[in-house]
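# return a 3D structure for these sequence lines:
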Amino acid sequence: MASFFDTGASMINPLVEMWNEFVDILPGLFWAVVLVIIGWFVAKFFGHLLERVLVKLKLDEHVKKAGLTDAFGHIELSHLSGLILKWYLFVVFLGDAVSLLKLGTLSLLLGSFLFWLPNVIIAMIIMILGLLFADFVADRLEKTKIRSVRIISVLVKAGILFFVTIMAFKQVGLYVAIAETTFIILLSGVSLALALAVGIGFGLALKDEAKGIIKGLKKKL
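Modelled structure (predicted):
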């Protein structure tokens, strides 16, 4: 008989423990769900508000006039900014909601991941601004009358994008020291090559003029 009760207790006790754990996390789960719902509506409201404000400020028209629409595949920057803000705020609320759950190590892991996600969104913003700036600089360079301006604009744009990518990687916590060193070496090499090209071109351009000056000096002497 004792063994029968022992067997029954060994089967019931885990169920009781599971029920107690469920009851223990229930209040936190309830408030976490409430916080997620509130967070979604708050994030959606402010994302839409930012988009409307940027539309009123005619941001998309200014970007189009500056010739920078190709950087985003003709996606409206006001809409993209609203989306980024919405998901940024929602992720922040989601992180706070997870902290209300009493799931031990799982809560810590989820919380760490969700608190890291805003860094990814900030990295996306850095990349977007970098794309805009790189396109703007390249476009302005191509409108000048410098020789080999196309090559120079491509190199400058690539350099800006590489630098911006390094910044974005740092924001999300990726190790980029080797990439930075490589970039500095490449930039130094390109700068030296450009300096030599400009110097040689300048020297060749002044060659005939220098001959004339020397001939004039000889006549005076």
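# V91 - nearest residue in space that isn't next to it in sequence?
Closest residue to V91 apart from its sequence neighbours, by Cβ to Cβ, 6 or more residues apart in numbering: L117 at 4.7 Å. The way it works is simple: take the backbone N, C-alpha and C, and place the C-beta from them, glycine included.
# tell me the helix or strand right after the helix or strand where the one you found lies.
When elements are assigned from DSSP states H and E, L117 belongs to helix 105-142. Scanning forward in sequence from helix 105-142 by DSSP H and E, the next helix or strand is helix 149-171.
# return the set of buried residues in that next one.
152-153, 155-157, 159-162, 164-171 (16 or more other Cβ atoms under 10 Å).
# check stretch 128-135 too.
Neighbour count says stretch 128-135 has I128, G130, L131, L132, F133, A134, D135 buried, by 16+ other Cβ under 10 Å.
# please apply the same query to stretch 136-145.
So for stretch 136-145, counting by 16+ other Cβ under 10 Å, buried means F136, A138, L141.
# could you redo the buried residues of stretch 128-135 as JSON lines and give each row distance to S78?
Listed next are the buried residues of stretch 128-135 as JSON lines, based on distance: Cβ to Cβ, whole Å:
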{"residue": "I128", "distance to S78": "12"}
{"residue": "G130", "distance to S78": "19"}
{"residue": "L131", "distance to S78": "16"}
{"residue": "L132", "distance to S78": "13"}
{"residue": "F133", "distance to S78": "18"}
{"residue": "A134", "distance to S78": "20"}
{"residue": "D135", "distance to S78": "17"}
